[in-house]
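1. Sharing a model prediction with you, sequence too.
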Amino acid sequence: MQCIVNRRDQFSAVGRYWFPELSEIENLEKFGAYSKFPGHGHNYVLFISMIGELDEYGMVLNLSDVKHVIKEEVTSQLDFSYLNDVWTEFQQTLPTTENIARVIWERLSPHLPLVRVQLFEHPQLWADYQGEGKQANLTIRTHFSAAHRLAPNLSVDKYGRCTQTHGHNYHLEVTVEGEIDSRTGMIVDVAALNRVVEDYVVKIFDHSCINEDVPYFADIVPTTENISRYIHGLLESPIDELGVKLSNVKLFESHQLWADYSGQGMEGYLSISTHFSSAHRLAHPDLSLAKNTEIYGKCARVNGHGHNYQLEVTIKGDIDSSKGMVIDLGAVNQIITDYVIEPFDHTFLNKDVAFFNKVVPTAENIALYISNTLRSPIQELGATLYKVKLVESPNNACEIYGADSESTSVNAAVSQPVLAIV
Ligand SMILES: [Zn+2]
Ligand SMILES: [Zn+2]
């Protein structure tokens, strides 16, 4: 059984976009304010994603080892550094966010089973690197405020107040993929990308009533799925002209609900975020306290501790042409409540959820249990469970992909959660 675990870390560093062979004016023309002496800085936030089988203790890797490696190889070297000088890689290729992500991958890959390095320059701009030569992804985040109503074709009886005109602060994430230039370190001119998204999307949607003001939605229901698909269509060719490929459009209607569209016909993804608050203890009842402490550290303390678990469930399906949805949202929310939130919320997982009497409730095992529990009921609603992500704390999260191996690089064979049997 394979699982992805994510570890967060951060560093603060200064960098400058500057070619010594160019004059000050030429540098300013090429890189704008990024060329200014002596440089500018960011609080970089780093997410390292690693894949592996769950071991007999219900973990992919020992996270305290992972923490140590990331600190040793990356953050202790980059924190409070001048990026252009700190690693020789940045003398040849500028320390852009995508290039820093690539070099971090190269530094960590001998030590960790990486699947992704994600580096945030700030909350509106980040890079993803997955070990594919010079290929990298860059994402920008923006927002617009708009009114809409779920109409036509949707009944008041079933969709209630959503059929009345109301509004949202939509958050939009646009991801592009391209090759890192070996000298500038960039896959695209970020200012030009921001302008395209502003001109082709934000100007049209911001402070509009989507049903009335965007002609496409005169007869098409403006669900999050349909809006994300339409935005993809608006952006595809202007982004091509920037020399990169539009990879994904992610549109948040709220922090609890968002859609992804990546240009695959009517195929869309809908994600629901919710949470439960539970206590747990990482210790197998058949092992001694000393042995449990050796494996799980402080998490083995005898009276347990707790988390606000954030659960994200991503569903894949075809966007229904009349309702504009990949799944019946009310029905899927009810399934998540009945199968997960109600049994888990405000419990001590080891004692109150029978399954975890003998299975150690690591985040990995909890995510796997949720994934196995939700798969069939979601299938019965005519869609596919694509991913379950469980965020245990700001620094730790894990992801289980559903039994849908053709759409993900993750080997998605799913078996039973792991019993810590010695
Ligand atoms: Zn709405
Ligand atoms: Zn814990």
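-> Now that the structure is in, tell me what you want to look at. Ligands and ions are numbered 1, 2, ... in the order given.
2. can you list the weak-confidence ranges in the stretch 251-400 of the chain?
-> Scanning the stretch 251-400 of the chain for pLDDT under 70 picks out no residues.
3. where do the strands sit along it?
-> 257-261, 267-280, 305-318, 347-348, 384-393, 396-401 (DSSP state E, counting those that start in this stretch).
4. closest to I204 out of those strands?
-> Minimum separation from I204 across the strands of the stretch 251-400 of the chain (CB to CB) falls at strand 257-261, 16.8 Å. All C-beta atoms are positioned from the backbone trio N, CA, C, and that covers glycine.
5. can you list the residues that contact the closest one?
-> In this structure, residues lying in contact with strand 257-261 by CB atoms under 8 Å, 6 or more residues apart in numbering are 171, 223-225, 227-229, 231-232, 248-253, 268-273, 314, 326, 329.
6. do that again at 10 Å, thanks
-> 168, 170-173, 175, 223-233, 248-253, 267-273, 312, 314, 316, 319, 325-326, 329, 333, 386 (CB atoms under 10 Å, 6 or more residues apart in numbering).
7. Make a PyMOL selection of whichever of those turn out to be buried.
-> The buried residues among these can be selected in PyMOL (16 or more other CB atoms under 10 Å) with this line:
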select buried, resi 168+170+171+172+173+175+223+224+225+226+227+228+229+230+231+232+248+249+250+251+252+253+267+268+269+270+271+272+273+312+314+316+319+325+326+329+333+386
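8. unless I'm mixing things up, T223 is touching N211, no?
-> No - T223 lies out of contact with N211 (CB atoms under 10 Å); the separation is 11.5 Å.
9. Between those two, which contacts overlap?
-> H148, L150, F217.
10. which of the residues you listed tops the neighbour count?
-> H148 (25 neighbours; other CB atoms under 10 Å).
11. shaky segments in the stretch 51-200 of the chain?
-> Applying pLDDT under 70 to the stretch 51-200 of the chain picks out no residues at all.
12. Could you pull out the helices in it for me?
-> According to DSSP state H, counting those that start in this stretch, the stretch 51-200 of the chain carries its helices in the segments 63-70, 76-78, 83-86, 89-92, 97-108, 156-159, 190-197.
13. quick one: which of the strands of the stretch 251-400 of the chain is nearest V156?
-> In terms of CB to CB, the element of the strands of the stretch 251-400 of the chain nearest to V156 is strand 257-261, at 20.3 Å.
14. And that closest one, what's buried?
-> Those would be L257, W258, A259, D260, Y261, for strand 257-261 by 16+ other CB under 10 Å.
15. The last one bridge partners, please.
-> Beta-bridge pairing of Y261, defined through DSSP bridges, involves V249.
16. ok, now how distant is it from N137?
-> Distance, Y261 to N137, by CB to CB, to the nearest Å: 15 Å.
17. now swap in the first one and tell me
-> Taken as CB to CB, the spacing of L257 relative to N137 amounts to 23 Å.
18. Could you tell me how many residues sit around the residue lying closest to S109 once chain neighbours are set aside?
-> With sequence-adjacent residues excluded and distances taken as CB to CB, 6 or more residues apart in numbering, S109 is closest to G131, at 6.7 Å. Counted with other CB under 10 Å, the neighbours of G131 add up to 13.
19. ok, the residue nearest to T184 when sequence neighbours are not counted - contacts?
-> Distances taken as CB to CB, 6+ apart place L94 nearest to T184, at 5.7 Å, with adjacent residues excluded. When contacts are counted by CB under 10 Å, 6+ apart, L94 touches 15-19, 31, 34, 83-84, 100, 180-181, 183-186.
20. cutoff 6 Å now
-> Y17, T184, G185 (CB atoms under 6 Å, 6 or more residues apart in numbering).
21. what's the domain layout of this protein?
-> Annotated domains of the chain cover 1-131, 132-263, 282-414 [the TED database].
22. circling back: would you reformat the contacts of L94 as a markdown table and include distance to A354 and neighbour count?
-> What follows is the contacts of L94, written out as a markdown table (distance: CB to CB, whole Å; neighbours: other CB atoms under 10 Å):
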| residue | distance to A354 | neighbour count |
| --- | --- | --- |
| Y17 | 58 | 21 |
| T184 | 57 | 16 |
| G185 | 53 | 23 |
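23. Relative to S64, which of these is nearest.
-> G185 (32.8 Å).
24. Just confirm the closest one contacts I100, I think it does.
-> No - taking contacts as CB atoms under 6 Å, G185 lies outside contact range of I100: 8.3 Å.
25. Tell me how many other residues surround the nearest residue to Q118 once chain neighbours are set aside.
-> Using CB to CB, 6+ apart and skipping residues adjacent in sequence, the residue nearest Q118 is F47, 4.2 Å away. For F47, the tally of surrounding residues (other CB under 10 Å) stands at 18.
26. Next one: F47 from V391, what distance?
-> Counting by CB to CB - F47 and V391 are separated by 11 Å.
27. I figured D318 was touching M266, is that so?
-> Yes - look at D318 against M266 with CB under 6 Å: they come within range, at 4.6 Å.
28. Compare the two and say which one has the larger neighbour count.
-> More crowded of D318 and M266, by other CB under 10 Å: D318, with 16 against 13.
29. which ones are touching that one?
-> M266.
30. Over to Y129?
-> Taking CB under 6 Å, 6+ apart, one finds A101, R102, W105, V117, A136 in contact with Y129.
31. likewise L108?
-> Taking CB under 6 Å, 6+ apart as the test, what L108 contacts is E73, L114.
32. Could you measure from it over to H232?
-> Counting by CB to CB, the gap from L108 to H232 is 32 Å.
33. Name the residues of stretch 172-188 that are buried.
-> 172-181, 184-188.
34. swap that for stretch 12-23, sorry
-> Residues of stretch 12-23 classed as buried: A13, V14, G15, R16, Y17, W18 (neighbour count, 16+ other CB under 10 Å).
35. Show me where the stretch 301-422 of the chain has its helices.
-> Under DSSP H, counting those that start in this stretch, the stretch 301-422 of the chain gives helices at 329-336, 342-344, 349-352, 363-380.
36. so can I have TSV of those helices showing distance to C162?
-> Formatted as TSV, the helices of the stretch 301-422 of the chain follow (distance: least, CB to CB, whole Å):
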stretch	distance to C162
helix 329-336	9
helix 342-344	24
helix 349-352	34
helix 363-380	21
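37. any idea which of those is most buried?
-> Of all these, helix 363-380 carries the top mean neighbour count, a mean of 21, counting by mean count of other CB atoms under 10 Å.
38. Thanks a lot, catch you later.
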